[in-house]
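Undergrad: Starting from these lines, generate the structure:
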Amino acid sequence: MTSDDARMSPLVAWLGYGGLLPFAALSVAIALHPHGSGALQAALLQYAGLILSFVGALHWGLALRLPEGRLRNVLLAWSVVPCLLAWLALQLPVVAAVLVLEYGYALHWAFDRKLARGAGAPAWYSALRPRLTAGAMAALLLPLLHP
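TA: Numbering: from 1, shown residues only. Sure thing, here's the model as predicted:
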């Protein structure tokens, strides 16, 4: 393991945690303006769908570094599932969309826990992903708690 593998760069931390800012800002805005939150809710769901697609693509990138074989095929196949779930979610009413996105984030985290290290993801990735996933999932749920 190299030092790059063991330690997350400041840029990765800024970009990763910075990606939670739209989740947090939209979630708070929805909670503060529940009667006029239709556009905000749509923006939150769209952003959540885009980010879910992005995290799926991470597995595509990991797969490209591997030789032909079962793990590579599993990663390639899995990498498109989050995008499909995000697309499905954006076709649904708000509550159903949130549930599909929550399921997608949880499922992706479960796959990450099983596959990422074996596919060559750096050590810091396994610590970062659950934090970012928890932040995204919480932001999606908070507006539903404020009728």
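Undergrad: Which strands or helices does the longest helix along the chain pack on?
TA: If you go by DSSP state H, the chain has its longest helix at helix 38-64. On a contact count with 3 or more CB pairs under 8 Å, 6 or more residues apart in numbering; DSSP states H and E, helix 38-64 meets helix 20-32, helix 70-79, helix 81-89, helix 94-115, helix 123-145. For every residue, glycine as well, the C-beta is placed using N, CA and C.
Undergrad: centroid residue for this structure?
TA: In the chain, the C-alpha closest to the average C-alpha coordinate belongs to Leu52, at a distance of 4.1 Å (CA atoms, centre = their mean).
Undergrad: and the gap between that residue and Leu115?
TA: 17 Å (CB to CB, to the nearest Å).
Undergrad: got a list of what Val74 touches?
TA: Under the criterion of CB atoms under 8 Å, 6 or more residues apart in numbering, the contact list for Val74 reads Leu115.
Undergrad: Against Asp112, how distant is it?
TA: As defined by CB to CB, Val74 lies at a distance of 13 Å from Asp112.
Undergrad: With Pro122 instead?
TA: Applying CB to CB to Pro122 and Asp112 gives a distance of 12 Å.
Undergrad: ok, those two, which is more surrounded?
TA: Neighbours per residue, other CB atoms under 10 Å: of Pro122 and Asp112, the larger number sits with Asp112, 23 against 19.
Undergrad: pLDDT value on the more buried one, please?
TA: For Asp112, the model assigns a pLDDT of 86.
Undergrad: So it sits against Ala127, correct?
TA: No - Asp112 is beyond contact range of Ala127, at 11.1 Å (criterion: CB atoms under 8 Å).
Undergrad: most remote residue from this protein's center?
TA: His35 (27.6 Å).
Undergrad: for that residue, what are its contacts?
TA: For His35, no residue meets the contact criterion (CB under 8 Å, 6+ apart).
Undergrad: Next, work out how far apart it and Gln41 are.
TA: 12 Å.
Undergrad: What of Trp87?
TA: Remark: distance between Trp87 and Gln41 (CB to CB) = 18 Å.
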